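Q: need coordinates for the following:
(chains A, B, C and D)
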4 protein chains.
Amino acid sequence: MSGLPDHASEADDRRLPIDRVGIKDLRYPIQVLDRSGGMQHTVASVSLYVGLPAHFKGTHMSRFVEVLNQVRGEVTFRNMPDILGEVQQRLDADDAFLELRFPYFMEKKAPVSGVASLMEYTGWFYGRRTGERDELTLGVAVPVKTLCPCSKAVSDYGAHNQRSIVKVELRSTGFVWMEDVIEAVEACASSPLYALLKRSDEKWVTEHAYDNPKFVEDLVRDVVIAVRDLPGEVSWVRVRAENQESIHNHAAYGEITWRRD
Amino acid sequence: MSGLPDHASEADDRRLPIDRVGIKDLRYPIQVLDRSGGMQHTVASVSLYVGLPAHFKGTHMSRFVEVLNQVRGEVTFRNMPDILGEVQQRLDADDAFLELRFPYFMEKKAPVSGVASLMEYTGWFYGRRTGERDELTLGVAVPVKTLCPCSKAVSDYGAHNQRSIVKVELRSTGFVWMEDVIEAVEACASSPLYALLKRSDEKWVTEHAYDNPKFVEDLVRDVVIAVRDLPGEVSWVRVRAENQESIHNHAAYGEITWRRD
Amino acid sequence: MSGLPDHASEADDRRLPIDRVGIKDLRYPIQVLDRSGGMQHTVASVSLYVGLPAHFKGTHMSRFVEVLNQVRGEVTFRNMPDILGEVQQRLDADDAFLELRFPYFMEKKAPVSGVASLMEYTGWFYGRRTGERDELTLGVAVPVKTLCPCSKAVSDYGAHNQRSIVKVELRSTGFVWMEDVIEAVEACASSPLYALLKRSDEKWVTEHAYDNPKFVEDLVRDVVIAVRDLPGEVSWVRVRAENQESIHNHAAYGEITWRRD
Amino acid sequence: MSGLPDHASEADDRRLPIDRVGIKDLRYPIQVLDRSGGMQHTVASVSLYVGLPAHFKGTHMSRFVEVLNQVRGEVTFRNMPDILGEVQQRLDADDAFLELRFPYFMEKKAPVSGVASLMEYTGWFYGRRTGERDELTLGVAVPVKTLCPCSKAVSDYGAHNQRSIVKVELRSTGFVWMEDVIEAVEACASSPLYALLKRSDEKWVTEHAYDNPKFVEDLVRDVVIAVRDLPGEVSWVRVRAENQESIHNHAAYGEITWRRD
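A: Predicted coordinates:
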């Protein structure tokens, strides 16, 4: 191979650095640390990028996959700085980026019968390392149930309610469990969702939601308040919620970005 | 061009006819006939195929696009046989297929205030012409609201409800308006959806849905019964309904295929 | 719970059996049998349905999830008949359906350097049990590279080529490994894909594809021929291939369904 | 309606302003100004938001749809400030947002035969009005063909090439035609795409791409350089390109954000 031309290493005179260049949406089986004690097997979409200075023509795409192969099966929120450092070194870059997105499961017990089932969430880790400085972002999408306060107030009986998707992203000084974020979000909704409910549970969920109506405005505010107080010294939170309205074919949407002063 | 080689016209000895070969998901602006009197501009995903006998090596992909260009802007359910005939002729095929999928809008008035707004549906036309025989299928996806009878029955107050997608496909002797199918489906649900509702309308939708609870089983049965009796001599109906449950993160699903004896 | 009403068990007088009713797209972590000897952890979308006779008003949705929980972590192509039998029994149904769709990984060695990497495929199992009779379908989507014979023939140099997705579904008397299907498909393409290629490998893939041009028509025919001869007594094959053309924004498509006489 | 409760107008004491709240992904038929002289009919996904001060409990979702209904059929890049002003006024907000995304067609002539066909692009308009100040962003996604310089250099014949999606977003002092952006992007690629090519055109596209190999790094740099010099005084450009590699199942990705000093 050594005799083959290597265009990517040539010089470039267009005077434009590239903010991010690399591989996007490589699918990869990973294990994620689980609050219940073990590692959870899942499948991630992985993107790895570097910043490319103006004077380099190109990067070396195959090296990104090599870094991923080195850490095979052990990508967690905790070793992201090591992976980013390895990317910096192998690609000779000052700026390295890692993005991971994956399905994540939690066992939940139904509220009355106590029957257990698995609920799926979507988790993501974004990491950026610039020189020696890391910025790590933890994300999770939590589907919940919201019941409309306006509909309840104006109607003699009933109230429209729907599935909502709440996306939370946070940065923190300490470690924050994805499970803690999920539980905080579910406590802010009209009701959590479950994969398995018996009729006694369905009664509880229905009445609990009716007793806890929430606008999308309430949801994003309450989630910011709940998440910023989680253990782990949260310093930055972004919450985006989308109610898949059961009376419309479009969504109601709310978004807050909060920073600790 | 005449001097360039034409591999597709060569003979083939693998003894395997190809059921369908052609172009898939070409995006194209079209006009669809509207019950309110005019033509509706929309954008379609178009697929055009032919059956290829065993002794031909290939088809001529560019001719499919040429046929589409000839009828530019005038693809309707009524001229599908002509387009299919043109495909048969230009591609020297016995079997021709056309598939169109597009967003379609209807103006609806809110139930109490009467304010008008546009609701979006997805329509599709499937056509197959074999020799002189046509088989045309009309499809439409209608989002509606369903309220769970079980949740209403077991709960002291409230009932979970959600957006459901009902997909109807039908074949008929006469002409059937997509708008008639949409209205038939909406009348079978707990409530139609609207793009614009004032508070008085929201009260009506909420109470109307509570008064008309429907399982996914009820929905698919009632839709078959309503659609098979529409004007146009319906001979075949397939109904698939998917309730995007507001208490689960999965869907409840029902499906019926009905044929007139 | 015993005191709560159970509408689903009531009688129905609409005289319409429901072909399939149940839960759709429940996400679930599963393990799939791997040809290399172990079990592969992955995440599936699961649908479970039954046929509902005309005289029953509804089915019991929560029982589907209970069946899935019983076999937790052990859903394979081989125990599908057992799961389907359990669904029949728990839901008192003659007709039961199971659909599973999941990402699946194979380790592949690059053609010259021999460096190993993981390639992702999509696998699916469809099972139907009617009375004592099972019909099981194995499916896999294989991304490959195709190079256009026409472009090669008419051009003085170069030839356009692209990623193609080949979807194979088969039924068989004996057991067929998904890995065998994948390798059969890749051998029919202009070249397989790899997650990791060094420059020497890239040279091989480029020249190998140029030496093996394939129309979408060739691809679907060759895949039928290769797959029907795999160990396991294949009795039925459907192949659908979609070339994501690098000269158009639409796809070229081919489809063959073959049955052993 | 006047007698019905209006929770959204109540006061809030959580001390959290909401950055954006409103309706998301409402589908709506619109007309877009076309460089060739007329208006182009298309179908948009529309989102409309306002910023909500901390002391308000909620916004009025139905008013967003009312604003849209007022301007029905006449949403263009040029009247976005008027629509945003109307949203500010009707919702009593300082900060208003409008997002539109839609398919957009251009007629293109094949490079040798001159046959005309329609190519589809995706366009989007983002607008934000804060007080009297507007920030408008024009976006367009252009599919093109890229041929790999490394593959060409290391191989004795052939070179892998693929479809790439280039997303350009820009802000400018003057008016910029979407068509000008599209043509600038296509000129930077190894070759444009076409819906219809005869064999003589296919020869041209194949050889032209082989003569103009481009890394994803080249593509994003060249597009920034071409777009910032378009008529209309471009002040800010973001380019993101994704090569759907024909040798891998993942993408190569590059991204540059440029600002005029």
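Q: how far away is residue A:77 from residue A:129?
A: Between residue A:77 and residue A:129 the distance is 14 Å, computed by C-beta to C-beta, to the nearest Å. Just so you know, the C-beta spots here come from the backbone N, C-alpha and C atoms, and that holds for glycine as well.
Q: those two: who's more crowded?
A: Regarding residue A:77 and residue A:129, a neighbour count based on other C-beta atoms under 10 Å in any protein chain shown identifies residue A:129 as having more, with 25 against 19.
Q: surely that one is within a strand?
A: Yes: if the criterion is DSSP: H, G, I helix; E, B strand; the rest coil, then residue A:129 is within a strand.
Q: that one: what's it in contact with?
A: A:81, A:84, A:85, A:87, A:88, A:95, A:96, A:135 (C-beta atoms under 8 Å, 6 or more residues apart in numbering or on different chains).
Q: which of the residues you listed fall within strands?
A: A:95, A:96, A:135 (DSSP state E).
Q: narrow these to those that are buried.
A: In those, burial by neighbour count holds for A:95, A:96, counting by 16 or more other C-beta atoms under 10 Å in any protein chain shown.
Q: chain D: which of the ones in strands among the contacts of residue A:129 is nearest?
A: Of all the ones in strands among the contacts of residue A:129, chain D sits closest to residue A:95, with 12.0 Å by C-beta to the nearest C-beta.
Q: of the contacts of residue A:129, list those near chain C.
A: The subset of these within reach of chain C, by C-beta under 8 Å from any C-beta of the partner chain, is empty.
Q: would you format those residues as a markdown table with pLDDT included?
A: A markdown table is the format used below for those (pLDDT from 0 to 100):
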| residue | pLDDT |
| --- | --- |
| A:81 | 91 |
| A:84 | 96 |
| A:85 | 96 |
| A:87 | 96 |
| A:88 | 97 |
| A:95 | 97 |
| A:96 | 98 |
| A:135 | 96 |
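Q: want to try CSV for those residues, with distance to chain B as columns?
A: Below are those laid out as CSV (distance: C-beta to the nearest C-beta, whole Å):
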residue, distance to chain B
A:81, 33
A:84, 32
A:85, 37
A:87, 34
A:88, 38
A:95, 37
A:96, 34
A:135, 31
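Q: is the residue nearest to residue A:156 when sequence neighbours are not counted in a helix, a strand, or coil?
A: If the residues on either side of it in the chain are set aside, residue A:156 comes closest to residue B:207, at 6.2 Å by C-beta to C-beta, 6 or more residues apart in numbering or on different chains. Judged by three-state DSSP, the three-state class of residue B:207 is helix.
Q: burial count for residue B:207?
A: 18.
Q: now do the same contact list for it.
A: For residue B:207, the contacting residues are A:155, A:156, A:157, A:158, by C-beta under 8 Å, 6+ apart.
Q: let's see that with 10 Å instead.
A: Residues in contact with residue B:207 (C-beta atoms under 10 Å, 6 or more residues apart in numbering or on different chains) are A:151, A:154, A:155, A:156, A:157, A:158, A:159, B:191.
Q: hang on, the earlier thing: ok, the ones in strands among the contacts of residue A:129 vs chain C, which is closest?
A: residue A:96 (18.7 Å).
Q: now, the contacts of residue B:207 that are in strands?
A: Going by DSSP E, the strands hold residue B:191 from the contacts of residue B:207.
Q: can you flag the buried ones in the contacts of residue B:207?
A: Using 16+ other C-beta under 10 Å, the buried members of those are A:151, A:154, A:155, A:158, A:159, B:191.
Q: and these near chain D, which?
A: Filtering the buried ones among the contacts of residue B:207 for neighbours of chain D using C-beta under 10 Å from any C-beta of the partner chain leaves A:154, A:155.
Q: I'd like the buried ones among the contacts of residue B:207 as CSV, with distance to chain C appended.
A: CSV is the format used below for the buried ones among the contacts of residue B:207 (distance: C-beta to the nearest C-beta, whole Å):
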residue, distance to chain C
A:151, 24
A:154, 28
A:155, 23
A:158, 17
A:159, 21
B:191, 19
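Q: residues contacting the residue of the stretch 51-200 of chain A found nearest chain B?
A: Closest to chain B within the stretch 51-200 of chain A is residue A:158: 3.4 Å, counting by C-beta to the nearest C-beta. The neighbourhood of residue A:158, defined by C-beta under 10 Å, 6+ apart, consists of A:147, A:151-152, A:210, B:147, B:152, B:157-159, B:161, B:190, B:203, B:205-211, B:213.
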